[in-house]
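Engineer: I need the structure of the sequence given here:
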Amino acid sequence: MQFLRVLSLANFNIEEVPESIGSLKHLRYLNLSETKIECLPEQIGNLHNLQSLLLSNCHSLFILPNSITKLVNLRHLDNSNTPRLNKMPLGLGRLTCLQTLCNVVIGGAGGCRISDLKGLVHLQGQLIIKGLHKVKDALQAKEANLHQKKGIHDLLMEWSYSFDDSRSRTTEYEVLEARVKTF
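Structural biologist: Residues are numbered from 1 along each chain as shown. As a prediction, this is how the structure comes out:
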């Protein structure tokens, strides 16, 4: 199976992806949609030819591995309807070929930053940005250049409902204003 190019395990009752997935060097399309996986192994970063990674409706998925940022040929990362997803890696901006990215989760230290979206100029369709309450500097939102993403037709921006002392109304307003002025 070393020359396998397409692998679909969609709707299978699997809970984890084996580390050996990283040995499928020629894989271009991997569909894990509607499975019970919680995470992907770091070896997923070895799939340098991967163009489509489908993770839609993976209701148990809560983290994407850091190695996903090595998938520079990735064009489609469908992580739609993954409600538990709460961590995406820093450096997502390296995936400059991305056309589909449904959800972005802004993280704290070591997690995805809103400025990581800067180089993703080919994004199309719907984009949901979650965790905007973690943005501490409105300049990061301006660096994201959301106005350059001409293919995005739906943008949903989410902040946390709870407002504590670690948050600034001014910063959050400026983050929203950076997007509103450019749309």
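Engineer: which helix is the longest one in the protein?
Structural biologist: The longest helix of the chain (DSSP state H) is helix 169-180.
Engineer: list the helices and strands that helix packs on?
Structural biologist: Helix 169-180 is packed against helix 138-143, strand 151-157, with contacts defined by 3 or more CB pairs under 8 Å, 6 or more residues apart in numbering; DSSP states H and E. Every residue, glycine included, has its C-beta placed from N, CA and C.
Engineer: what pLDDT does K142 get?
Structural biologist: At K142, the model reports a pLDDT of 85.
Engineer: cool, T100 as well?
Structural biologist: So T100 comes in at 97 (pLDDT).
Engineer: I'd assumed N79 was in contact with it.
Structural biologist: No - contact criterion CB atoms under 8 Å: T100 and N79 do not qualify, at 9.3 Å.
Engineer: chain center to the helix or strand bottoming out on mean pLDDT in the chain, what's the gap?
Structural biologist: Using mean pLDDT, DSSP states H and E, helix 169-180 stands out as the lowest-scoring helix or strand of the chain, at a mean of 69. Remark: helix 169-180 is offset 22 Å from the chain centroid, using CA atoms, centre = their mean, to the nearest Å.
Engineer: okay, the angle between it and strand 151-157?
Structural biologist: In terms of direction (axes from the mean of the first three to the mean of the last three CA atoms, to 10 degrees), helix 169-180 departs from strand 151-157 by 160 degrees.
Engineer: For R94, give me phi and psi.
Structural biologist: phi -70, psi -20 (degrees, to the nearest 10).
Engineer: residues making contact with the longest helix of the chain?
Structural biologist: 114, 132-133, 135-138, 141-142, 144, 146-147, 155, 157, 159 (CB atoms under 8 Å, 6 or more residues apart in numbering).
Engineer: And the strands in this structure?
Structural biologist: Taking DSSP state E as the test, the strands found in the chain are 6-8, 29-31, 52-54, 76-78, 100-101, 103-105, 124-130, 151-157.
Engineer: Check which helices and strands the third one is in contact with.
Structural biologist: Just to be clear, that refers to strand 52-54. Against strand 52-54 (3+ CB pairs under 8 Å, 6+ apart) you get strand 29-31, strand 76-78.
Engineer: Listing partners with orientation, what would you give for it?
Structural biologist: strand 29-31 (parallel), strand 76-78 (parallel) (DSSP bridges).
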